[in-house]
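**Q** here's my sequence, what's the structure:
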Amino acid sequence: MRAQRIGRPPARRRPLELPGLAMWAAGIYYVLLLVDNVLIRTAEKLSGYLDEITVLFAAPFAAAALFRMPHGLWPVPLCFGIYIAMGTISGLFSPIGGYPFATVTGLTIALDSKPIILALAFAYCLSQARDSDVMTPFLYALIGVALVNLPFLLRDLALNSGINIYGEPMDRRAGMYRPQGLYHHATASVDIHLMATMAAAALWGIRKNAVWAGLTALLALLTMLHIVAKEIVAVVLVLGIAVMAMRFRSKDTQFLIRAAAVTLGLLLAVPFADLALPVIQGQVTDYVQDGESAVRTLMYLISFDLAVDNFPLGAGIGTFGSLASFTTFFSPIYDQTGLSLIYGASRLHPYYLQDVFWPKVLGESGWIGLAAYLGLLLYLAVRVTRAALKFPAVENLFASFVLVTALVKTIAAPTLTSDLYVPLIGLAVAIAACYPRGFAQAAADRQARAARQTTQRHRPALRGRPGTIGPRGW
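**A** A predicted model of the protein is given here:
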């Protein structure tokens, strides 16, 4: 007879519940995007529909969140609803005519609503999450996708031939070819590596070991080697928040670690700046050439004029900077302002019109719409970052990284409507609104509220007698 081992019984593996399923689905989403880029090389790829299919599956959970709203979620639908309402009202009262208002309004609202629908769905699905382990599959998926892309990215950097692995020409910006790896555009490659950097930094900020420190440094370096200014700024902010959120047993150790990180960062920044600064300067010159001819600069200037001329409204949703404003029809605003005369904003080549985000919000919905949308993101970013610095957990660190990065990238990219970022933004908004101190603390708060409600429900009524308060009077 085999002797039984003495000790603790083996821990039972918990079944996969709704929070775990949501995180697995989000991880599979990014794996499918990579497979799509490798296997499907047509202009209309699966990624054009994958985010929409994901939103359709998430819609019932988002509706459930509205009817049974998790604690702290109410500012999200309220502020976004104000933005949509202002844009719609602006369209009804706008003097600009000659466009299919109902069609472009519906399409633009549908596209802009994707991250909010996913935020509501994530908030509902994660309402029963008990600890940070539920995030692990998703973060590992982001890191894994970047590591799969790594050899091909190094190939582009080493050869610098201007031809990617598919035989297609690579973008040349400010004197260098932008590496793409397995992706068909350098923007997707840098975004994936930035996401993986955020995932690794969130795990490093909690686990604090050399393996995660090295992986975070590798992914951060690869992101910065794409030589894109806003991504470099985002990486610096992510690493700074991760270091500041670390907790050590000794305050002296904590100070030394942070001081060493800052010193090392400065030492590495000097040679990197010598290499990257001319490239970044050339890129900035491309963005704001002469202050007038660049599409991005003019989009900001024109959106300001539209908001001032139509105060307190805007030009109307779907009329400026939205995808529908140059695909469903070509908005007359572009002709009236002379923007259509510039390459990248013309009828034949209009795709630079989506290279910014906030001019779209300001131009279409006015100052009130901009205050509601931008104010929501700023509030959530500050809320979750403060919580992550006080009560660090994998989930609030990651949400802080995503929202801070989104605020940086939306200056010169449509990040909040990008198929790469839509699930990420939705997850970060849900965590920042409902679980800023982490899933474990949220679970403890739920139990405390349930205990208080049970106590109040079963508290025996005081009998009325002189000197006491009860249901029968004094």
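
**Q** contacting residues for the spatially most central residue of the chain?
**A** When the chain is reduced to its mean C-alpha position, the nearest residue by C-alpha atoms, centre = their mean turns out to be Ile425, at 3.1 Å. Under the criterion of C-beta atoms under 8 Å, 6 or more residues apart in numbering, the neighbours of Ile425 are 115, 118-119, 402-403, 406, 415-416. From N, CA and C alone the C-beta is placed, and that goes for glycine too.

**Q** make it 7 Å
**A** By C-beta atoms under 7 Å, 6 or more residues apart in numbering, the contact set of Ile425 is 115, 402, 406, 416.

**Q** reformat those as CSV; add distance to Leu194 and neighbour count.
**A** Shown next, in CSV, are the contacts of Ile425 (distance: C-beta to C-beta, whole Å; neighbours: other C-beta atoms under 10 Å):
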residue, distance to Leu194, neighbour count
Pro115, 17, 27
Val402, 10, 29
Ala406, 11, 24
Leu416, 15, 23
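
**Q** among those, find the lowest-pLDDT one for me.
**A** Confidence by pLDDT is poorest for Leu416 among those, given 87.

**Q** now do the phi/psi pair for that residue.
**A** Reported as degrees, to the nearest 10, the phi and psi values for Leu416 are phi -70, psi -10.

**Q** what are the buried residues along the helix or strand in which Leu301 is found?
**A** When secondary structure is defined using DSSP states H and E, the element that contains Leu301 is helix 295-309. Neighbour counts using 16 or more other C-beta atoms under 10 Å place 295-300, 302-303, 306-307 of helix 295-309 among the buried residues.

**Q** tell me which of these is nearest to Ala141?
**A** Arg296 (32.4 Å; C-beta to C-beta).

**Q** so how far is the first residue of stretch 64-77 from its last?
**A** For stretch 64-77, the separation between the terminal residues is 13 Å (C-alpha to C-alpha, to the nearest Å).

**Q** buried residues in that stretch?
**A** For stretch 64-77, the neighbour count (16+ other C-beta under 10 Å) marks 64-65, 69-70, 72-73, 75-77 as buried.

**Q** please apply the same query to stretch 115-135.
**A** By neighbour count, and taking 16+ other C-beta under 10 Å as the criterion, the buried residues in stretch 115-135 are 115-127, 129, 132, 134-135.

**Q** now intersect those residues with the helices, please.
**A** Using DSSP state H to define helices, the subset of the buried residues of stretch 115-135 located there is 115-125.

**Q** of these, closest to Pro312?
**A** Nearest to Pro312 among these: Ile116, at 22.8 Å, using C-beta to C-beta.

**Q** residues in contact with the closest residue to the closest one other than its chain neighbours?
**A** Once its chain neighbours are removed from consideration, Ile116 has its nearest residue in Phe80; the separation is 4.9 Å (C-beta to C-beta, 6 or more residues apart in numbering). Under the criterion of C-beta under 7 Å, 6+ apart, the contact partners of Phe80 comprise 116, 373, 376.

**Q** would CSV of those with distance to Met224 be doable?
**A** Converted to CSV, the contacts of Phe80 look like this (distance: C-beta to C-beta, whole Å):
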residue, distance to Met224
Ile116, 31
Tyr373, 29
Leu376, 30
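
**Q** switch those over to JSON lines; also include distance to Gly363 and pLDDT.
**A** Below are the contacts of Phe80 laid out as JSON lines (distance: C-beta to C-beta, whole Å; pLDDT from 0 to 100):
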{"residue": "Ile116", "distance to Gly363": "20", "pLDDT": "91"}
{"residue": "Tyr373", "distance to Gly363": "13", "pLDDT": "93"}
{"residue": "Leu376", "distance to Gly363": "18", "pLDDT": "92"}
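
**Q** which one among those gets closest to Gly240?
**A** Proximity of the contacts of Phe80 to Gly240, judged by C-beta to C-beta, is greatest for Leu376, which lies at 23.5 Å.

**Q** so who does the closest one touch?
**A** The contact partners of Leu376, by C-beta under 7 Å, 6+ apart, come to 75-76, 79-80.

**Q** okay, the angle between the helix or strand it falls within and helix 295-309?
**A** Under the criterion of DSSP H and E, Leu376 resides in helix 358-390. With axes from the mean of the first three to the mean of the last three C-alpha atoms, to 10 degrees defining the directions, helix 358-390 sits at 100 degrees from helix 295-309.

**Q** ok, residues contacting stretch 222-239?
**A** Here stretch 222-239 makes contact (C-beta under 7 Å, 6+ apart) with 150, 153, 157, 176, 178-179, 186, 189-190, 193-194, 197-198, 201, 220, 276, 279-280, 283-284, 401, 404-405, 408-409, 411-412.

**Q** next, the buried residues of it.
**A** By 16+ other C-beta under 10 Å, the buried positions in stretch 222-239 come out as 222-232, 234-235, 237-239.

**Q** how about stretch 401-420?
**A** Applying a neighbour-count criterion of 16+ other C-beta under 10 Å, one finds 401-410, 412-420 buried in stretch 401-420.

**Q** and stretch 157-172, by the same measure?
**A** Residues of stretch 157-172 classed as buried under the neighbour-count rule (16+ other C-beta under 10 Å) are 164, 170.

**Q** for that stretch, what is the average pLDDT?
**A** Stretch 157-172 shows an average pLDDT of 78 in the prediction.

**Q** so how far is that stretch from its chain's centroid?
**A** 28 Å (C-alpha atoms, centre = their mean, to the nearest Å).

**Q** can you check stretch 222-238 too?
**A** Between the centre of stretch 222-238 and the centre of its chain there are 15 Å (C-alpha atoms, centre = their mean).

**Q** now it: mean pLDDT?
**A** The predicted model assigns stretch 222-238 a mean pLDDT of 85.

**Q** contact partners for Ala22?
**A** Taking C-beta under 7 Å, 6+ apart as the contact definition, Ala22 lies against 122, 125-126.

**Q** just the buried residues out of the contacts of stretch 222-239, in PyMOL syntax.
**A** If you want just the buried ones from those in PyMOL, going by 16+ other C-beta under 10 Å, the selection is:
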select buried, resi 150+153+176+178+179+186+189+190+193+194+197+198+201+220+276+279+283+401+404+405+408+409+412
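
**Q** confirm His226 sits in a helix?
**A** No - His226 is assigned coil when assessed by DSSP: H, G, I helix; E, B strand; the rest coil, not a helix.

**Q** tell me how far it lies from Ala59.
**A** Per C-beta to C-beta, to the nearest Å, His226 is found 35 Å from Ala59.

**Q** now swap in Thr328 and tell me
**A** Counting by C-beta to C-beta, the gap from Thr328 to Ala59 is 23 Å.

**Q** contacts for the helix holding Leu301, please.
**A** Residues contacting helix 295-309 (C-beta under 7 Å, 6+ apart): 287-288, 291, 314-315, 320-321, 337, 339, 342, 344-345, 352-353, 355-356, 359, 362-363, 366-367, 412.
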